[in-house]
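>>> Mind looking at a prediction? Sequence and model below.
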Amino acid sequence: MSQVERPAAKITIGEALEATALSAGDQPVEPSDGRCGGLAATARAAADANARADRDEDKTTLADVLADATARMGADKEVEREDAVRVVGVEVGSKPDATARPGGVAASIAAAARLNRANH
């Protein structure tokens with residue numbers, strides 16, 4: 001009896017954001033993080049507060065904002081190439097050095113889009 005091969009489950013935006021919480025969760029939220037993803041308003045407020053914080057330990061981290069992204073987003077969808085292009089463009093365009101944060105939101109969304117495309 002042969003086994004039927006099932007396609008791999010697609011990664012959602014919420015899951016990709018939660019992966020960011022694991023890979024870069026200890027890093028403070030930056031203004032570029034507040035411009036992408038479904039939790040943009042929360043990230044933007046955290047980035048604004050972080051800019052006023054005197055000590056790093058008082059800053060809101062990516063994990064604080066993204067750890068339960070799937071539940072907080074309400075509606076979630078599979079990451080597609082277009083999502084990755086948009087998020088990478090926003091993150092890179094929002095930073096003075098025009099680079100994406102390693103392991104950050106753009107990197108996680110782009111990786112999810114690549115995996116989803118490979119599992120098509």
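Nice, I can see it.
>>> rest of the way, CA atoms for contacts and neighbours
Fine.
>>> quick one: the helix or strand of the chain with the lowest mean pLDDT to chain centroid distance?
Within the chain, no helix or strand scores below helix 69-73, which has a mean of 89 by mean pLDDT, DSSP states H and E. In terms of Cα atoms, centre = their mean, to the nearest Å, the centre of helix 69-73 is found 12 Å from the chain centre.
>>> That one packs against which elements?
When contacts are defined as 3 or more Cα pairs under 8 Å, 6 or more residues apart in numbering; DSSP states H and E, helix 69-73 packs onto helix 13-24.
>>> Alpha carbons only: can I get the helix it packs on in CSV?
Taking Å, rounded to 0.1, in the frame of the first residue of the first chain, the C-alpha atoms of helix 13-24 are listed here in CSV:
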residue,chain,number,x,y,z
ILE,A,13,1.5,35.7,8.9
GLY,A,14,0.8,35.3,12.6
GLU,A,15,3.1,32.2,12.7
ALA,A,16,5.9,34.1,10.9
LEU,A,17,5.5,37.0,13.4
GLU,A,18,5.7,34.6,16.3
ALA,A,19,8.8,33.2,14.8
THR,A,20,10.3,36.7,14.9
ALA,A,21,9.5,36.7,18.6
LEU,A,22,11.6,33.6,19.0
SER,A,23,14.5,34.7,16.7
ALA,A,24,14.8,38.4,17.6
